[in-house]
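Asker: Quick one: sequence plus predicted model below, questions after.
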2 protein chains.
Amino acid sequence: MKTINLTTQRQAVYDIVRDAADHPTAADVMNRLVERGHSFAYGTVYNSLRYLTDKDMIRELKLGETASRYDARTDDHQHIVCEVCGKVDEVTTAIPEEWLARVAEETGYEVEGAHIVVEGVCAECRSKRKK
Amino acid sequence: MKTINLTTQRQAVYDIVRDAADHPTAADVMNRLVERGHSFAYGTVYNSLRYLTDKDMIRELKLGETASRYDARTDDHQHIVCEVCGKVDEVTTAIPEEWLARVAEETGYEVEGAHIVVEGVCAECRSKRKK
DNA sequence: ATTTCAATTTAGAATAAGTATAAATCTATT
DNA sequence: AATAGATTTATACTTATTCTAAATTGAAAT
């Protein structure tokens, strides 16, 4: 199924995720839609997010919080979360293939990929902490 | 707080997690408690799991499913999930420090650690698939 | 232009996982 | 035995998400 049917609602949801500087949750997307003058049903936002995810236009991130976040960058990359302020940033440094190979060897699995959530303290929070 | 107060319920919950060959969810723990003749309140099971986690006797795993899983191995290690059957296995091959250092450099974060969920197909599912 | 049919949206109910609360119970100490 | 503190229980609540059935939309066929 290569055809993509971008309805008004799906396009609007996509625009929010694409324009976001952060990694919004479904609730964030909902709020920002309202700010832009839309008022779609909750179910529609979830449906749209799933549709866009299925079509590989966005990615769903499960970073260990209760709510999923969404990311318009669909290329292979990881994430880092600030333990202090909760900010999420991208990690593009690729996972060493060699490590994956060793994991495959250890477990007997055929390894497809890995989801990594790095934890740390962001630059801003570190400079605040010093005081 | 080094003192650990293992009530009957906490001990029973701990026993379930320690004896488990898999990585049970809270609901799994609940069911296995019933199998062993216990009948604790749901809240008590959650409280006990949190207590044991706080005391570092077990670990809470967030593997991207809706429910948390629990692991009696508390040493630093990662997990691999079979995309076919859902099985979860341990990964003890450590992520290279050098990779974490490069992530710190890329992001400007002080890196504390990483949660990794590797995805793949386990040996059993692969041999079944071949047929 | 009208009918038709599938896809989509809507509003609201339902579900799943986990947390909060207040009363009851247990446990250790005086 | 009396008190106090911690824990458990039952139940209500919250949050994130999915489901459902009816209404709406939009494209294709008449």
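Answerer: Now that the structure is in, tell me what you want to look at. Numbers count the residues shown, from 1 in each chain, chains lettered A, B, ... in the order given.
Asker: so where's chain A shaky on pLDDT?
Answerer: For chain A, residues meeting the criterion pLDDT under 70 lie at A:1-2.
Asker: what sits up against the lengthiest strand in it?
Answerer: Taking DSSP state E as the criterion, chain A has its longest strand at strand A:110-121. Residues outside strand A:110-121 that contact it (Cβ atoms under 8 Å, 6 or more residues apart in numbering or on different chains) are A:62-64, A:76, A:78-84, A:91, A:95, A:100-101, A:103-104, A:129, B:64, B:80, B:83, B:95, B:100, B:103-104, B:107, B:109-121, B:126. Placement of C-beta: from N, CA and C, glycine included.
Asker: so how far is stretch A:88-101 off the chain centroid?
Answerer: 16 Å (Cα atoms, centre = their mean, to the nearest Å).
Asker: So what would you say the end-to-end distance of it is?
Answerer: End-to-end distance for stretch A:88-101: 28 Å, by Cα to Cα, to the nearest Å.
Asker: for stretch A:60-72, same thing?
Answerer: Start-to-end, stretch A:60-72 (Cα to Cα) is 9 Å.
Asker: Give the buried residues for it.
Answerer: A:61-64, A:68-72 (16 or more other Cβ atoms under 10 Å in any protein chain shown).
Asker: Columns secondary structure and distance to A:Gly37 on top of the residues you listed, output as TSV?
Answerer: Below are these laid out as TSV (DSSP: H, G, I helix; E, B strand; the rest coil; distance: Cβ to Cβ, whole Å):
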residue	secondary structure	distance to A:Gly37
A:Leu61	strand	27
A:Lys62	coil	30
A:Leu63	coil	30
A:Gly64	coil	34
A:Ser68	coil	25
A:Arg69	strand	24
A:Tyr70	strand	21
A:Asp71	strand	24
A:Ala72	coil	21
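Asker: so where do the helices sit in chain A?
Answerer: A:8-19, A:26-35, A:42-54, A:97-107, A:123-130 (DSSP state H).
Asker: Centre of the chain to the last one, how far?
Answerer: Taking the mean C-alpha point of helix A:123-130 and that of its whole chain, the gap between them comes to 25 Å (Cα atoms, centre = their mean).
Asker: Same question for the first one.
Answerer: Shown here is helix A:8-19, whose average C-alpha point lies 15 Å from the average C-alpha point of the whole chain (Cα atoms, centre = their mean).
Asker: which residues touch A:Phe40?
Answerer: Contact analysis of A:Phe40 by Cβ under 8 Å, 6+ apart lists A:9, A:12-13, A:30, A:33, A:48.
Asker: now do A:Tyr46
Answerer: A:Tyr46 neighbours (Cβ under 8 Å, 6+ apart): A:Ala26.
Asker: now it: how far from B:Tyr109?
Answerer: 31 Å (Cβ to Cβ, to the nearest Å).
Asker: before we move on, what about A:Glu119?
Answerer: In terms of Cβ to Cβ, A:Glu119 sits 9 Å off from B:Tyr109.
Asker: Overlap of the contact sets of the two?
Answerer: Common neighbours of A:Glu119 and B:Tyr109 (Cβ under 8 Å, 6+ apart) are A:Ile80.
Asker: Those two - which one has more neighbours?
Answerer: B:Tyr109 (24 against 17; other Cβ atoms under 10 Å in any protein chain shown).
Asker: Verify the stated contact: the more buried one with A:Thr93.
Answerer: No - assessed by Cβ atoms under 8 Å, B:Tyr109 is found out of contact with A:Thr93, at 12.0 Å.
Asker: which residues do these two both contact?
Answerer: B:Val103.
Asker: what's near enough to touch A:Ala72?
Answerer: A:14, A:17-18, A:20, A:57-59.
Asker: Which of those are buried, as a ChimeraX select command?
Answerer: This is how ChimeraX selects the buried members of the contacts of A:Ala72, with burial counted by 16+ other Cβ under 10 Å:
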select /A:14,17,20,57,58,59
